[in-house]
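Trainee: heads up, no residue letters with this:
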């Protein structure tokens, strides 16, 4: 047998073993039939494709995991029971196209929120929707609804929206209390960090009665600190306890890097409950005021005032004006005469503007306060009736 024949024989043997069909082996030996050889290749490939690989022939067998732990089951249950109450919020800027002059809706930012009641009220942080002219709410069933702003409290970073979704699509959150929380309690945060909707993170209450600053530079007292990871997009979402009740609203993080480092803050639910009720009822927050415009702390420090709040201006027809508080003024020869310095309200020391805001937060419109002032070198105590400061 010649070399060419021996080569053909080897090819035939290989094809014989691979296909296990004698007829293909014989046909392959026919060197001058190009179309037959093409047909053979396609036939063999077809055989391979019609015989899927068996998973049991590759990798290792799967080990059964057994039952979930009690802690895992509780976490899963809390998420399933609460996720339908959480919403995805898109803040929208309305702009006019420069060429067509058509009105365009452009997503401005995203955040989280939660369903407050079956009347369609949605709670979120004011900073989530601030800067946009409209907002769109996405429910857990992926339906989208245009939202109307009912009202807000800039000092507490709280906003109330409303949608017209049917009651069957609205599952309100279970409302808890922040008055009896303990450090070490387990908490859950559900939100939409970086646009990844309905993300769950877990942690514990790391500390209580923290203070953060709102967008209006006013202190938000009584905040809950947690190590549950909170990232951009989580703002406005609920912080839940192990019973699935809302105990706070995720609002801010401390971060030297821009991402979460396990130090997050939530506005307490007791504050939210009080303010939201007022907004839904009246459309605005009626916050008490003395009727003054005070100096910033750094301004007072430059004037040599180490403690207390310096009054720059007394507003007309207010409790402060009626009680006779004195403002700062400039004489004809250019000399600055400092106004009254508030040092005490109802026997509580006032060392700076944050103390003043926190003190006023404890009272309502119509309450009478005993305000102790430093007027020159004399101490004076006056009674001031609080009047409403309507949120603008």
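Mentor: Structure's in. What do you need? This one's a predicted model, so the numbers in the text were calculated from it and none came from an experiment. Numbers count the residues shown, from 1 in each chain.
Trainee: what ranges of the stretch 201-350 of the chain fall below the confidence cut-off?
Mentor: In the prediction, the stretch 201-350 of the chain carries residues with pLDDT under 70 at positions 255-261.
Trainee: how does the chain divide up, domain by domain?
Mentor: 3-52, 84-169, 175-282, 288-390 (automatic domain parsing).
Trainee: Can I get the ones you listed in JSON lines including distance to residue 67 and mean neighbour count?
Mentor: Where you see a C-beta, it was placed from the backbone N, CA and C, and this is true even at glycine. What follows is the domains of the chain, written out as JSON lines (distance: least, Cβ to Cβ, whole Å; neighbours: other Cβ atoms under 10 Å):
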{"stretch": "domain 3-52", "distance to residue 67": "33", "mean neighbour count": "12"}
{"stretch": "domain 84-169", "distance to residue 67": "26", "mean neighbour count": "18"}
{"stretch": "domain 175-282", "distance to residue 67": "20", "mean neighbour count": "19"}
{"stretch": "domain 288-390", "distance to residue 67": "49", "mean neighbour count": "16"}
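Trainee: and the closest residue to residue 177 other than its chain neighbours, which of the three is it?
Mentor: Of all residues not flanking residue 177 in the chain, residue 270 sits nearest, at 6.0 Å (Cβ to Cβ, 6 or more residues apart in numbering). Under DSSP: H, G, I helix; E, B strand; the rest coil, residue 270 falls in the helix class.
Trainee: Tell me which residue lies nearest the centroid of this protein.
Mentor: residue 235 (1.2 Å; Cα atoms, centre = their mean).
Trainee: I figured that residue was touching residue 113, is that so?
Mentor: No - here residue 235 does not reach residue 113: they are 9.3 Å apart, not a contact under Cβ atoms under 8 Å.
Trainee: Overlap of the contact sets of the two?
Mentor: 124, 128 (Cβ atoms under 8 Å, 6 or more residues apart in numbering).
Trainee: which helices and strands sit right next to the longest strand along the chain?
Mentor: When the chain is parsed with DSSP state E, its longest strand is strand 199-213. Identification of packing neighbours for strand 199-213 by 3 or more Cβ pairs under 8 Å, 6 or more residues apart in numbering; DSSP states H and E yields helix 70-82, strand 186-191, strand 219-226.
Trainee: Now distance to residue 296 too, for those, in TSV please.
Mentor: Formatted as TSV, the helices and strands packed on strand 199-213 follow (distance: least, Cβ to Cβ, whole Å):
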stretch	distance to residue 296
helix 70-82	42
strand 186-191	34
strand 219-226	14
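Trainee: do you know which of those lies nearest residue 132?
Mentor: Evaluated over the helices and strands packed on strand 199-213, closeness to residue 132 peaks at strand 186-191, with 18.2 Å, by Cβ to Cβ.
Trainee: Distance from the longest strand of the chain to the middle of the chain?
Mentor: 12 Å (Cα atoms, centre = their mean, to the nearest Å).
Trainee: and that strand, which strands flank it?
Mentor: strand 186-191 (antiparallel), strand 219-226 (antiparallel) (DSSP bridges).
Trainee: export those strands to CSV and tack on distance to residue 73?
Mentor: What follows is the strands paired with strand 199-213, written out as CSV (distance: least, Cβ to Cβ, whole Å):
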stretch, distance to residue 73
strand 186-191, 14
strand 219-226, 22
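Trainee: can you tell me how far residue 301 sits from residue 266?
Mentor: Residue 301 sits 32 Å away from residue 266, going by Cβ to Cβ, to the nearest Å.
Trainee: hmm, I was thinking of residue 81
Mentor: When residue 81 is compared with residue 266 (using Cβ to Cβ), they lie 19 Å apart.
Trainee: With residue 386 instead?
Mentor: Residue 386 is 28 Å from residue 266, by Cβ to Cβ.
Trainee: cool, and residue 136?
Mentor: Look at residue 136 and residue 266: by Cβ to Cβ, they are 24 Å apart.
Trainee: which residues are contacting the host helix or strand of residue 152?
Mentor: Here residue 152, judged by DSSP states H and E, is contained in strand 144-153. Outside strand 144-153, the residues that touch it by Cβ under 8 Å, 6+ apart are 89, 121-122, 126, 129, 134-139, 158-165, 275, 279-280, 282-285, 287, 391.
Trainee: All good on my end, thank you.
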